[in-house]
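Enquirer: I would like the atomic coordinates for the input below:
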Amino acid sequence: MEDNELWARHLLVLAYELIIAIYVMLQSLPRNLLLTPTLLIFFLAIVKYEERSYKRASTS
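Expert: The predicted model follows:
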């Protein structure tokens, strides 16, 4: 099975990792002095991962 046929699995992994990352961010919120850079990197990582999954879905 080719990697581009597993795009649905990649979206499921993205959802799971988002839940874990949001939980960790919420736990660090009261003492997080770098909230703005954290949110920026978090958003960019989501966009990058989603773009990769979209490319896999569009090639299959």
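
Enquirer: which element, helix or strand, includes the most centrally placed residue in the chain?
Expert: When C-alpha atoms, centre = their mean is applied to the chain, the residue found nearest the centroid is Ile46 (3.8 Å). In this assignment (DSSP states H and E), Ile46 forms part of helix 35-59.

Enquirer: my read: the residue nearest to the centre of the chain touches Ile22, true?
Expert: No - the criterion here is C-beta atoms under 8 Å, and Ile46 misses it with Ile22 at 10.5 Å. To be clear about C-beta, it is placed using only N, CA and C from the backbone, and glycine gets the same treatment.

Enquirer: could I get the average pLDDT for the helix holding Ile46?
Expert: In this model, helix 35-59 has a mean pLDDT of 85.

Enquirer: show me how far it is from its chain's centre.
Expert: Distance of helix 35-59 from the chain centroid (C-alpha atoms, centre = their mean, to the nearest Å) equals 6 Å.

Enquirer: got it, and stretch 51-60?
Expert: 15 Å.

Enquirer: could you do stretch 6-25 as well?
Expert: The answer for stretch 6-25 is 6 Å, by C-alpha atoms, centre = their mean.

Enquirer: tell me which residues in that stretch are buried?
Expert: Buried residues in stretch 6-25, counted by 16 or more other C-beta atoms under 10 Å: 6-7, 10-11, 14.
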